[in-house]
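> Predicted coordinates and the sequence they were generated for:
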Amino acid sequence: MIYLFLFISLMILAGCEQKPVERQYTEVIIEAPKAEIPAMMPAVHAADLTWTLPQGWMEGAAQGMRLATFHLKNAPKDIDVSIVALDGMAGGLQANLGRWLGQIQLSVSEDALTKLIARAQTVKTTGPIEAKIYDFTALTDGEDTGSMIAAMMFINGKTVFVKMTGSKDHCRRQKDNLLGLVRSISAP
Amino acid sequence: MNKLLSIVSSLKITCACVFWLFVLTFWGTVAQVGHGLYEAQERFFYSWFFHPQYFLPLPGAQLTMWVLFFNLVASAWTRFKGMQDIRSWGLKLTHFGILLYLAAAFFTFISTEESYLNLQEGQGSNVSSSYSEWEVAYWTDPGLTRHVKAVDIGKVQAGQQLPFETRDFQLKLIQYYPNCVAFTKALPPDGQQPLNGSGITLLQPRPMIKERENNIAGGLFELTTTGQTRSLLLYGAEAAPTPVVINGRTYFMILQHKKYPLPVAIQLKEFRVAFYPRTQIAKSYESTVIVRKDQIQRQTRIYMNNPLREKDYTFFQASYAIGPTGLRSSTLAVVRNSARGWPYVACFVVLAGLILHFLVQAFVRKRPS
């Protein structure tokens, strides 16, 4: 029985927390072939676009492909707004709308998608550039599900997306602010 | 003492534990759908007790397995103590095999490292990243081979010095947030802009997210170099490290998921995914990787039920992503388990014990009492 007790004590000691120490390792990075790297880089840099922050919103750091991220000052988890710019047509409208529907876990018929595209609102930015607004909140009736309002525009041969995700209710409440942000976008 | 041993060694406890483990396995597997893999693991399998909604606390798998362990030890102690007969050898061996299973489970529990390796096509690395643990790391080599020095930030208290063995600088943790968001255009409370390579000026804490890999840590540090003290801000989602020039040498500092060196370097050669017709639901996906070790390299495929095994490490195909530009990346789950072979040994021991028991029962006659 003593041996059993000693064995269990040793096992418990082995799992105890230890003090922080310096660890050393050698990291070897194998990069993707050069030709493929530009595809992942944002095609328009943050400095190439300017915008005005809507009232009540906070601007977060640029991350990965995002030129900017925005949240509500008082309730940062309610909505997530991003600006992303990609080369050329960035896969086309239908493909992007389909991908966004997948992101908010929404499945709609082709008819509904065609109607959404046909009903897209046009907004003029200070650029002046025309931006199309795709309001996914109109696709679901009644229930307050995850939703999205997205703007798409072409600036200097690039496609710029401004996307707001959140619950349907929050997206609808912040739509005017999103449109304000889109209208303020310009490329100097 | 004997009375206590006879209670602990009860066969009823054995049966109850085995039945409860069966229930927990089923319940925990189903719960993964709604709660996520890690929360389900923590709740059902790593816990002593868990609290179902509108019900009393129930024993978790950890408590159940400890009870079963003591029950089996006590059972072996009391029942086999006086049994020297060859007829009991099979049973003894079988019990030893089950105890070996439990020992393997315990060793796996305390020693397993779970991490991931996220690679775009063409990329490769010889380190994997923890899902939830963070490290503050620095290196001075600007090239693709980095000699990294790192400290696990989760073990450092606010106000404590990070134990880097360099005389060039000292780094003190001021504030650490296990989950936070970063802001670039906000003014910090003290009005002074901290050092940060991405232009981040402020961190705001957020409640922890259930899926632990979605939390992004951040911290504010006090960097002391020869005669100068500056504040340094590091955020876990930064794409590049913060370069700091100290005594004419550039130190690249970063807060990143804790890295685990691997015995090989893995390069993603190609990622393939097939979808069900007219849907975005993946039918199958697989990674073709090049495994490099020293000067030798080989090519292999990793897909569902076909992981790559290398020493104590197993690489599973976990997930994938296709970027807006069509560039594909694959995520491999990396599990290091030094006791990987134990359950197989335990299985053979139990099998040998049962065979021995049945053979002895069949061919060895019971001695007349």
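Nice, I can see it.
> What residue in the stretch 151-300 of chain B comes nearest to chain A?
Going by Cβ to the nearest Cβ, chain A is nearest to B:Lys155 of the stretch 151-300 of chain B, at 4.0 Å. Just so you know, the C-beta spots here come from the backbone N, C-alpha and C atoms, and that holds for glycine as well.
> Leaving out the residues flanking it, which one is nearest to that residue?
Nearest residue to B:Lys155 in three dimensions, chain neighbours excluded: A:Pro20, at 4.0 Å (Cβ to Cβ, 6 or more residues apart in numbering or on different chains).
> how many other residues sit next to the one you found?
By other Cβ atoms under 10 Å in any protein chain shown, 20 other residues sit near A:Pro20.
> and it, helix, strand or coil?
What DSSP: H, G, I helix; E, B strand; the rest coil gives for A:Pro20 is coil.
> so it touches B:Asp152, yeah?
Yes: the pair A:Pro20 / B:Asp152 is scored as a contact, 5.7 Å apart, by Cβ atoms under 8 Å.
> Show me what counts as buried in the helix or strand where A:Asn177 lies.
In the assignment (DSSP states H and E), A:Asn177 maps to helix A:175-184. Neighbour counts over helix A:175-184 (16 or more other Cβ atoms under 10 Å in any protein chain shown) mark A:175, A:177-183 as buried.
> next SSE after the lowest-mean-pLDDT helix or strand in chain B?
None of the helices or strands of chain B scores lower by mean pLDDT, DSSP states H and E than helix B:37-40, at a mean of 72. Downstream of helix B:37-40, the next assigned helix or strand under DSSP H and E is strand B:49-50.
> which stretches of chain A have low pLDDT?
Within chain A, the stretches with pLDDT under 70 are A:1-18, A:34-48, A:63-64, A:87-92, A:105-108, A:127, A:141-145, A:188.
> ok so, going back, name all residues that make contact with the residue nearest to B:Lys155.
A:Pro20 sits next to B:151-152, B:155-156, B:160, B:162-163 when contact means Cβ atoms under 8 Å, 6 or more residues apart in numbering or on different chains.
> and B:Asp141, which of the three is it?
Applying three-state DSSP: B:Asp141 is coil.
> how near is the residue nearest the centre of chain A to B:Thr314?
The C-alpha lying nearest the average C-alpha coordinate of chain A belongs to A:Ser82 (Cα atoms, centre = their mean; 4.7 Å). Distance of A:Ser82 to B:Thr314, computed by Cβ to Cβ, to the nearest Å: 36 Å.
> Same check on A:Asn96?
A:Asn96 sits 37 Å away from B:Thr314, going by Cβ to Cβ.
> ok, these two, which is more surrounded?
Neighbours per residue (other Cβ under 10 Å) separate A:Asn96 from B:Thr314, with A:Asn96 holding more: 20 against 16.
> Look at the residue nearest the centre of chain B and report its pLDDT.
With distances taken as Cα atoms, centre = their mean, the residue of chain B nearest its centroid is B:Glu114 (2.5 Å). Here, the pLDDT recorded for B:Glu114 equals 88.
> Could you measure from the spatially closest residue to it that is not a sequence neighbour over to A:Leu181?
Leaving out its chain neighbours, the residue that sits closest to B:Glu114 by Cβ to Cβ, 6+ apart is B:Val335, at 5.6 Å. B:Val335 sits 44 Å away from A:Leu181, going by Cβ to Cβ.
> cool, B:Phe109 as well?
Here B:Phe109 is placed at a distance of 49 Å from A:Leu181 (Cβ to Cβ).
> next one: B:His257
Note on B:His257: its distance to A:Leu181, by Cβ to Cβ, is 32 Å.
> repeat for B:Tyr303
43 Å.
> ditto for B:Asn196
25 Å.
> go on, B:Ala339?
54 Å.
> What residues does the stretch 51-200 of chain B have near chain A?
Counting by Cβ under 8 Å from any Cβ of the partner chain, the residues of the stretch 51-200 of chain B close to chain A are B:73, B:77, B:106, B:110, B:120-127, B:135, B:139, B:144-152, B:155-156, B:160, B:162-165, B:181-186, B:198-200.
> So which of those are in helices?
Those of those mapping onto helices are B:73, B:77, B:106, B:110, per DSSP state H.
> you'd agree A:Thr165 is up against A:Leu101?
No: assessed by Cβ under 8 Å, A:Thr165 is found out of contact with A:Leu101, at 11.8 Å.
> Pull up the overlap in contacts between these two.
With Cβ under 8 Å, 6+ apart as the test, A:Thr165 and A:Leu101 reach no residue in common.
> tell me the contacts of residue 137?
In the absence of a named chain, chain A is used. A:Thr137 sits next to A:147-149, A:168, A:171-172, A:175 when contact means Cβ under 8 Å, 6+ apart.
> Switch to chain B, please.
Shown in contact with B:Ala137 (Cβ under 8 Å, 6+ apart): B:148-151, B:253-256, B:259.
> Ok, B:Ile200 next?
By Cβ under 8 Å, 6+ apart, the neighbours of B:Ile200 are A:61, B:182-184, B:233, B:235, B:238.
> which pair in the residues you listed spans the largest distance?
Farthest pair in the contacts of B:Ile200 (Cβ to Cβ) is B:Phe183 and B:Glu238. Separation: 13.2 Å.
> Quickly list what's touching both of these two.
Common neighbours of B:Phe183 and B:Glu238, using Cβ under 8 Å, 6+ apart, are A:61, B:200.
> B:Gly90 contacts B:Val360, doesn't it?
Yes: with contact defined as Cβ under 8 Å, B:Gly90 reaches B:Val360; the gap is 5.6 Å.
> which of those two has more neighbours?
Just comparing B:Gly90 and B:Val360: by other Cβ under 10 Å the higher neighbour count belongs to B:Gly90, 19 against 16.
> Spell out which helix or strand contains A:Tyr25, please.
With DSSP H and E as criterion, A:Tyr25 is part of strand A:22-30.
> my bad, should have said B:Thr25
Using DSSP H and E, B:Thr25 sits within helix B:11-35.
> Remind me what that helix packs against, helices and strands.
Helix B:11-35 makes packing contacts with helix B:37-40, helix B:61-80 when contacts are defined by 3 or more Cβ pairs under 8 Å, 6 or more residues apart in numbering or on different chains; DSSP states H and E.
> Tell me which residues are up against stretch A:170-179.
Here stretch A:170-179 has contacts from A:54-57, A:72, A:78-79, A:81, A:123, A:133, A:135-137, A:147-149, A:151, A:162, A:164-166, using Cβ under 8 Å, 6+ apart.
> just how off-centre is it within its chain?
Averaging C-alpha coordinates over stretch A:170-179 and over its chain gives two centres that are 16 Å apart (Cα atoms, centre = their mean, to the nearest Å).
> Between its first and last residues, how far does that stretch reach?
Taking Cα to Cα, to the nearest Å, stretch A:170-179 runs 14 Å from one end to the other.
> Likewise for stretch B:31-43?
One end of stretch B:31-43 to the other measures 10 Å (Cα to Cα).
> Of the contacts of A:Pro20, which qualify as buried by neighbour count?
B:151-152, B:155-156, B:162.
> Could you dump the residues you listed into TSV and include pLDDT and distance to B:Ala31?
Output for the buried ones among the contacts of A:Pro20, formatted as TSV (pLDDT from 0 to 100; distance: Cβ to Cβ, whole Å):
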residue	pLDDT	distance to B:Ala31
B:Val151	95	35
B:Asp152	94	29
B:Lys155	87	30
B:Val156	90	33
B:Leu162	94	38
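> Just those: which are in strands?
Among these, DSSP state E puts B:151-152 in strands.
> can I get the buried ones among the contacts of A:Pro20 in JSON lines with distance to B:Gly60?
Listed next are those as JSON lines, based on distance: Cβ to Cβ, whole Å:
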{"residue": "B:Val151", "distance to B:Gly60": "32"}
{"residue": "B:Asp152", "distance to B:Gly60": "26"}
{"residue": "B:Lys155", "distance to B:Gly60": "25"}
{"residue": "B:Val156", "distance to B:Gly60": "29"}
{"residue": "B:Leu162", "distance to B:Gly60": "35"}
